[in-house]
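**Q** What follows is a predicted structure for the sequence shown.
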Amino acid sequence: MQNEVMDNVNTVVQDTEDTSLDELLQLVSFRIGEELYGVDILIVQEINRYTEITKVPQAPDFVEGMMNLRGRVIPIIDLRKRFGMDLKEHDKDTRIVVVDIKSSVLGMIVDSVSEVLRIPSNTVEPAPDIATSVSTEYIRGVAKLEDRLLILLELTSIFSDVERELISGL
């Protein structure tokens with residue numbers, strides 16, 4: 001993740017007793033609406049400012065379009081649409097998080113990127129069976145931070161195999 005956006009992202013290590021490095025989860029956190037989400041840093045290739053996206057006819061509703069990323073054309077997914085949330089105008093904080101999911105590279109539009117977190121794996125609990133703005137099938141767990149909750153996304157579950165093939169074929 002070598003671009004100017006990541007230089008401005010804070011790194012936070014959650015304080016706990018007797019935490020060894022192999023028990024830490026490294027996550028990129030971002031906001032969609034009022035909620036804080038996180039994904040494993042190992043699948044994040046880079047984070048870019050929002051840029052114009054080329055629309056694709058007859059693409060699924062949550063596919064915003066495509067963009068050229070240094071000579072490689074990648075599909076761009078709007079996570080607000082995918083999660084059934086109200087749409088929001090893109091602004092100066094809007095980012096595209098480029099991820100590799102099962103060898104498919106795609107960009108995810110998020111409201112803002114917050115920070116890189118290193119948290120102990122024992123702070124993560126299974127997703128509760130309550131109504132949230134995101135289906136619990138997409139949630140790997142919920143991390144309890146000092147002053148907030150972080151929803152860990154399971155990106156491999158966000159798209160069905162058919163959707164993943166359709167998206168990668170754009």
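**A** Ah, there it is.
**Q** any idea where the strands of this protein begin and end?
**A** For the chain, the strands defined by DSSP state E cover 10-13, 24-32, 35-40, 44-49, 63-69, 72-78, 95-101, 104-110, 112-120, 124-125, 139-144, 149-153.
**Q** Name every strand pairing with the last one and say which way it goes.
**A** Using DSSP bridges, the strands paired with strand 149-153 are strand 35-40 (parallel), strand 139-144 (antiparallel).
**Q** Lowest average confidence across the ones you listed, which one?
**A** Among the strands paired with strand 149-153, strand 139-144 carries the lowest mean pLDDT, a mean of 87.
**Q** picking that back up, deepest-packed of the strands paired with strand 149-153, please.
**A** The highest average neighbour count among those, using mean count of other Cβ atoms under 10 Å, belongs to strand 35-40 at a mean of 20. From N, CA and C alone the C-beta is placed, and that goes for glycine too.
**Q** Give me the angle between that strand and strand 95-101.
**A** 40 degrees (axes from the mean of the first three to the mean of the last three Cα atoms, to 10 degrees).
**Q** Restricting to C-alpha, output strand 35-40 in PDB.
**A** C-alpha atoms of strand 35-40 as PDB (Å, rounded to 0.1, in the frame of the first residue of the first chain):
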ATOM      1  CA  GLU A  35     -20.400   2.200  11.500                       C
ATOM      2  CA  LEU A  36     -16.800   1.200  11.600                       C
ATOM      3  CA  TYR A  37     -15.700  -1.900   9.600                       C
ATOM      4  CA  GLY A  38     -12.400  -3.700   9.200                       C
ATOM      5  CA  VAL A  39     -10.800  -6.100   6.700                       C
ATOM      6  CA  ASP A  40      -7.600  -8.100   7.000                       C
END
